[in-house]
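[1] After the sequence you'll find the predicted model.
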Amino acid sequence: MSQEQRPRRTEEVSPSAQLGSKEKDAMTLSLTALFFLGMSVSSRTQVQAENVSKPNIWAEPGSVIPLGTHVNIWCQGIQNTKVFHLHKTEKSESRHKQSLIKFGDKANFSIPHMTNKHTGEYFCHYLTKANTWSENSDTLNLVVTGSYDKPYLSAWPSPVVTSGENVTLQCHSGQNFDRFILIKEGEVKFSRNLESQSHSNKHHQALFPVGPVTLCHKWTFRCYGYYRKKPSVWSYPSDPLELLVSGATGIMNPSQIKPHCSNSSHLQDYRVENIIRLNMAGLILLVLGILLLEAYHSQTKIKRQPGLRFRGNISP
């Protein structure tokens, strides 16, 4: 047999070698997929690190502090915070910067004894572990009270008010305060600020209209005086003035207000529940009516259809 006619040997690949080749290809694909997945997660993590949240700022026990009292200013950010900074604003510029003591996702600045120099506007921000600064927090206005003599607060025409009517509260003082502020006890957000007006006997006053007065609230007020050049330095608070609300059952004192209002709130809850139940019942009846109407129309159509006729004989 000639050399050209000899059969050619084909190289056979063992099953184990084929399996190893497939495993290598699968490993290469897996590594490639893991690489791109890691790049994607890394880019997402970087974007999330840059999108830091705005910090919250508040004071404990409050932002209106008596002279000489201890107060804490808190700034809260996120967990991966490296450092917090507290800034005090003077004349619309940040003049004082203070690093805060960190406690997890928030930090604290302590003022052992509140004085006039601690008053003013504060804001804070923080630096993350990714070296990204947050935006500034909202402004916290810290006020001190007790720097001047207290003003006097009275009601005109009387502290006894009929439910639904208005009353005028007069805050006045022998000192020439530029402005007076009225605060309702138990409601932090309720405050009214008015320009001072000259009164008889060298007194200064401000007249605050209040109302309509209702039975379901406690109407206890105090007022303060301050000067325009130092808007965060207030006087001592006036003595509390409590309005007595008269209704159909006579004058109600504060101990009677809460039970009366709680009963009214319960009645209101019952009314709301009854309205919801009536609406649900009406909806159920409407659905049942629609179903019955559809059933009636379907039955009518069946009756109107002509009967089927068969032609030819039916073999047995």
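    Right, received. Where do you want to start? Numbers count the residues shown, from 1 in each chain.

[2] From now on I want contacts and neighbour counts done on CA atoms only, so please keep to that.
    Will do.

[3] Can you check the distance spanned by stretch 115-134, start to finish?
    Using C-alpha to C-alpha, to the nearest Å, the end-to-end distance of stretch 115-134 comes out at 30 Å.

[4] swap that for stretch 156-174, sorry
    End-to-end distance (C-alpha to C-alpha), stretch 156-174: 19 Å.

[5] Need the contact partners of it.
    Surrounding stretch 156-174, the residues in contact under the criterion C-alpha atoms under 8 Å, 6 or more residues apart in numbering are 150-155, 180, 182, 202-215, 223-224, 242-247, 251.

[6] Of these, which count as buried by neighbour count?
    Buried members of these, counted by 16 or more other C-alpha atoms under 10 Å: 150-155, 180, 182, 204-208, 213-215, 223-224, 242-246, 251.

[7] Mind checking which of the residues you listed are in strands?
    Cross-referencing the buried ones among the contacts of stretch 156-174 against strands under DSSP state E gives 152-155, 180, 182, 204-208, 223-224, 242, 244-246, 251.

[8] for Tyr122, helix, strand, or coil?
    The assignment at Tyr122 comes out as strand when based on DSSP: H, G, I helix; E, B strand; the rest coil.

[9] which residue packs closest to it, ignoring adjacent ones?
    Setting aside the residues directly before and after it, Tyr122 is nearest to Lys88 in space (C-alpha to C-alpha, 6 or more residues apart in numbering), at 4.5 Å.

[10] how close does the one you found sit to Tyr152?
    Relative to Tyr152, Lys88 is positioned 33 Å away (C-alpha to C-alpha).

[11] how close does the closest residue to His203 other than its chain neighbours get to Ser53?
    In this structure, His203 finds its nearest non-sequential neighbour in Gly174, 4.7 Å apart by C-alpha to C-alpha, 6+ apart. Going from Gly174 to Ser53 by C-alpha to C-alpha gives 48 Å.

[12] and what of Tyr152?
    Separation of Tyr152 from Ser53 (C-alpha to C-alpha) stands at 45 Å.

[13] How about Asn141?
    To Ser53, Asn141 is 22 Å away according to C-alpha to C-alpha.

[14] Looks like Asp105 contacts Val83 (just checking).
    No. Judged on C-alpha atoms under 8 Å, Asp105 makes no contact with Val83 at a distance of 10.0 Å.

[15] okay, and for the stretch 201-316 of the chain, where does confidence drop off?
    Along the stretch 201-316 of the chain, the parts satisfying pLDDT under 70 run over 247-272, 301-316.

[16] quick one, strands of it?
    Counting by DSSP state E, counting those that start in this stretch, residue ranges of the strands within the stretch 201-316 of the chain are 204-210, 220-227, 230-234, 241-242, 244-247, 250-252.

[17] packing partners for the shortest one?
    Translated: strand 241-242. With contacts defined as 3 or more C-alpha pairs under 8 Å, 6 or more residues apart in numbering; DSSP states H and E, strand 241-242 has these neighbours: strand 220-227.

[18] Name the nearest residue to Glu135, sequence neighbours excluded.
    Counting by C-alpha to C-alpha, 6+ apart, the residue nearest Glu135 is Lys54, at 5.7 Å.

[19] For the residue nearest to Tyr122, which three-state class applies?
    Relying on three-state DSSP, one would call Lys88 strand.

[20] Number of residues surrounding it?
    21 (other C-alpha atoms under 10 Å).

[21] That one and His125 touch, don't they?
    No. Between Lys88 and His125 there is no contact under C-alpha under 8 Å: 11.9 Å.

[22] Which residue ranges make up the domains of the chain?
    56-145, 152-255 (automatic domain parsing).

[23] Figure out which of these is closest to Val287.
    domain 152-255 (41.3 Å; C-alpha to C-alpha).

[24] which of Asp105 and Val83 has more neighbours?
    More neighbours surround Val83 than the other of Asp105 and Val83, with 20 against 16 (other C-alpha under 10 Å).

[25] For the helix or strand the more buried one falls within, buried residues please.
    Per DSSP states H and E, Val83 falls inside strand 81-90. Applying a neighbour-count criterion of 16+ other C-alpha under 10 Å, one finds Thr81, Lys82, Val83, Phe84, His85, Leu86, His87, Lys88, Thr89 buried in strand 81-90.

[26] ok, the fifth one - contacts?
    Under the criterion of C-alpha under 8 Å, 6+ apart, the neighbours of His85 are Lys97, Gln98, Ser99, Leu100, Cys124, His125, Tyr126.

[27] quick one: the second one from Leu86, how far?
    Using C-alpha to C-alpha, one gets 5 Å for the distance from Gln98 to Leu86.

[28] and what of Leu288?
    When Leu288 is compared with Leu86 (using C-alpha to C-alpha), they lie 65 Å apart.

[29] now Gly211
    40 Å.
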